[in-house]
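Enquirer: Here you go, sequence then predicted model.
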Amino acid sequence: MLAIYKREVKSYFISMIGYAFVAFLLLVIGFVYSSININGKSPFIGYALQQAYVSVVFMLLVPVVTMRVLADEHRTKTDQLLFTSPVSITKIVLAKYFGTLTLFAIPMVWICIYPIMLTSFGTVPLPMSYVSILGFVLLGMAYFAIGIVVSASTENQIISAVVTFAVLILSFSMQYLVDITPTTAVFSFICFLVLAALVALIYYGFAKNLIAAGILGLVLEAVVVILYLVKSSLFEGLIAKLMLVLCLNSHYDNFINGYFEVDAILYYLSVVVLCLVIAVQMLQKRKWD
Amino acid sequence: MIEVKNLSKIYGDHVAVNDLSFHIEQGKIYGFLGPNGAGKSTTMNMITGYIAPTTGQIVVNGHDVAEEPEEAKKCIGYLPEFPPLYTDMTPYEYLKFVAELKKIPRNQHKKCINAAIEQTKIQDVSNRLIRNLSKGYKQRVGFAQAILGFPEIIILDEPTVGLDPKQIIEMRDLIRSLGKQHTVILSSHIMQEISAVSDEVMIIAHGRMLAQDTPDNLSQHVTGTNTLELLVKAPDYRVRSVLDKISDISKYEVSREEDNGMECTKALLSASMEVDIRESVFYAFAAAKQPIISMKPSNISLEDVFLKVTEGKNTDSRGKRQTGKYAPIRRNKEERD
């Protein structure tokens, strides 16, 4: 596991990717920091980190790092070496994930200096500043985990990068889409009917079992219909709630403003664990295809 | 050592490996022989745990590959069809990575890596990027990876693809020397390759085992007879009259032939496996004063065996690619590369 991790980290710095990631992330954060915290005379780094501008650039940079992580191993058949060596798939995925996190840690450690730099100009809320950096780190951990899952699902780097970016930007947009989403029970009801059908379709895509997928779809649709008939108030605004759950960024609002929140930590760690488990399962499944 | 029971692998509606069972003993060299698409690589990938069988069981050194994959994989060194190389590393770095991956104790790394580099003769390129190496060197780096740490079982999928004739001979010597202490399984669609090094040959086509035996036995089994080729300095009617008197001969064919300007007759004799007809043939022709110019056992080559075996049985399998006669011996792989 350590060998794969070391190779992974090293490979970022053999190619341009590692340098490009660190440089661009620092450039963007540094730019916002200098305009908001230094020129704008604000003592709190959270205001810089919560700029949508920073988030979007970050969302572009993550796929650049994660696109090749597992996809390229599959394409160049080096996965054959990894999967026939005495290392479990879970360890391989973890090694890859920690490799990406190590790269991510470099700009983050650097950013930790920023609040200290501000102290020479006046009082700085240091604990709040570091809580907001921690929030940004948690968000990044979730982003990289999503990148790993997507990379595990394909052998094409471009597809891997584009899909990762699409997922991240969609999740990011949820907080804005919520405002234009109707909160009526009927709307949610229809959305859930569509979602249930989608789940059945995805299941069919993986399992290729028409009968099982059909039964799953029917059961889910029935549950939705029954729930609606029994208690339609349950559906009011439900789709908006669901959208906020899927929005990775909305969970770090408190964090980025300097308020430590255990819920958010649990949320991000759950996203990470869920993504890595799915990635391991996808690689396991490849053995059986 | 390796026990394979009722192994099958089905991709959609294509049966890649069909109810394959065999047993592999320690310290022998086994050759998988079969046309492209016969299921050799699939079988090897299943033994090494890269892909999972649809049904069946594989036990390596007492460890079930499905249940104790890590223990089983520890005993195996594997060179897949396409060497799994990280092209942004040098061979030395790569082998160091593989040594860590295979959990070879740290204090033995240097010794193992140097031994593998020496055996595969890649000293000269060990500090160049793999990306810049020729196909033959890449293949050898892949080979070095497989033998690194000298695992008990070494599995090589078409190890000589991309090598020049001299390297092929070196590779064969290396495989032979490995076979003294290790169990080696190699695959190829080229007969000479297999017959040159293997102690035992397994002929596979359409995912089925068609024959398993030593190369010599295989050629005999196919005909079920003992054949002898004679060149006699005599007209054919005389040869016939002599041959008719030898009771052990079950069948013969004669044809006219010219040898260094002499009128000769070539005769192909068949007899059952148990009797040696050479002596009686010699005395019969000597008594008739008809000189035998040459006499040699007419051995069927492994190639003939292969063609015969794969041709004979391909009617009942469900593969899509058979077209009556088998012509698989072209080196399709190299053309693809």
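Expert: Arrived safely.
Enquirer: Number of residues surrounding the closest residue to chain B within the stretch 101-250 of chain A?
Expert: Closest residue of the stretch 101-250 of chain A to chain B, C-beta to the nearest C-beta: A:Lys208 (9.1 Å). For glycine as for every other residue, the C-beta is placed from the backbone atoms N, C-alpha and C. A:Lys208 sits with 10 neighbouring residues when counted by other C-beta atoms under 10 Å in any protein chain shown.
Enquirer: quick one, phi psi at it?
Expert: Backbone geometry at A:Lys208, expressed as degrees, to the nearest 10, gives phi 50, psi 30.
Enquirer: quick one: what helix or strand has the residue of the stretch 51-200 of chain A found nearest chain B in it?
Expert: Nearest to chain B in the stretch 51-200 of chain A, going by C-beta to the nearest C-beta, is A:Leu81, at a distance of 3.7 Å. Using DSSP states H and E, A:Leu81 maps to helix A:79-83.
Enquirer: Contacts made by that helix with the rest, please.
Expert: A:4, A:70, A:73, A:89, A:92, A:283, A:287, B:45, B:49-50, B:78, B:80, B:82, B:84, B:98, B:101, B:145 (C-beta atoms under 8 Å, 6 or more residues apart in numbering or on different chains).
Enquirer: Show the average pLDDT along stretch B:84-104.
Expert: Averaging pLDDT along stretch B:84-104 gives 93.
Enquirer: before we move on, what about stretch B:192-202?
Expert: 85.
Enquirer: measure it end to end?
Expert: End-to-end distance for stretch B:192-202: 14 Å, by C-alpha to C-alpha, to the nearest Å.
Enquirer: when you scan the helix or strand A:Val149 falls within, is anything in it near chain B?
Expert: Using DSSP H and E, A:Val149 maps to helix A:126-152. No - using C-beta under 8 Å from any C-beta of the partner chain, helix A:126-152 stays clear of chain B, coming no nearer than 15.9 Å.
Enquirer: which helices and strands does that helix pack with?
Expert: Here helix A:126-152 touches helix A:46-49, helix A:52-66, helix A:89-111, helix A:113-118, helix A:157-180, helix A:253-256, helix A:262-288, going by 3 or more C-beta pairs under 8 Å, 6 or more residues apart in numbering or on different chains; DSSP states H and E.
Enquirer: Run through the residues that contact B:His23.
Expert: Neighbour list for B:His23: B:2-4 [criterion: C-beta under 8 Å, 6+ apart].
Enquirer: ok but it is inside a helix, no?
Expert: No - counting by DSSP: H, G, I helix; E, B strand; the rest coil, B:His23 is not part of a helix but strand.
Enquirer: Distance-wise, check it relative to A:Thr84.
Expert: Note on B:His23: its distance to A:Thr84, by C-beta to C-beta, to the nearest Å, is 21 Å.
Enquirer: again with A:Asp179
Expert: From A:Asp179 across to A:Thr84, the span is 52 Å (C-beta to C-beta).
Enquirer: what's the average pLDDT for stretch A:282-289?
Expert: On average, stretch A:282-289 scores 87.
Enquirer: Stretch B:47-56 too?
Expert: Averaged across stretch B:47-56, the pLDDT comes to 92.
Enquirer: Does it reach chain A?
Expert: Yes - residues of stretch B:47-56 contacting chain A under C-beta under 8 Å from any C-beta: B:48-52.
Enquirer: The helix holding A:Val149 to helix A:89-111, inter-axis angle?
Expert: Between helix A:126-152 and helix A:89-111, the angle comes out at 140 degrees (axes from the mean of the first three to the mean of the last three C-alpha atoms, to 10 degrees).
Enquirer: contacting residues for B:Arg181?
Expert: For residue B:181 the amino acid is Gln, not Arg. B:27, B:150.
Enquirer: So in the chain, where's the weakest helix or strand by average pLDDT?
Expert: You didn't pick a chain, so chain A it is. When the helices and strands of chain A are scored by mean pLDDT, DSSP states H and E, helix A:253-256 comes last with a mean of 80.
Enquirer: was after chain B, sorry
Expert: helix B:332-336 (a mean of 38).
Enquirer: Output the below-cut-off pLDDT ranges for chain A.
Expert: For chain A, applying pLDDT under 70 flags no range at all.
Enquirer: Domain parsing of it, as residue ranges.
Expert: Using automatic domain parsing, the domain ranges for chain A come out as A:2-175+A:247-288, A:185-236.
Enquirer: what does chain A have sitting close to chain B?
Expert: Residues of chain A found near chain B (C-beta under 8 Å from any C-beta) are A:2-4, A:6-7, A:11, A:14-15, A:76-88, A:287-289.
Enquirer: And the buried ones among the residues you listed, selectable in PyMOL?
Expert: Buried subset of these, written as a PyMOL selection, criterion 16 or more other C-beta atoms under 10 Å in any protein chain shown:
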select buried, chain A and resi 3+4+6+7+11+76+77+78+79+80+81+82+83+84+85+86+87+287
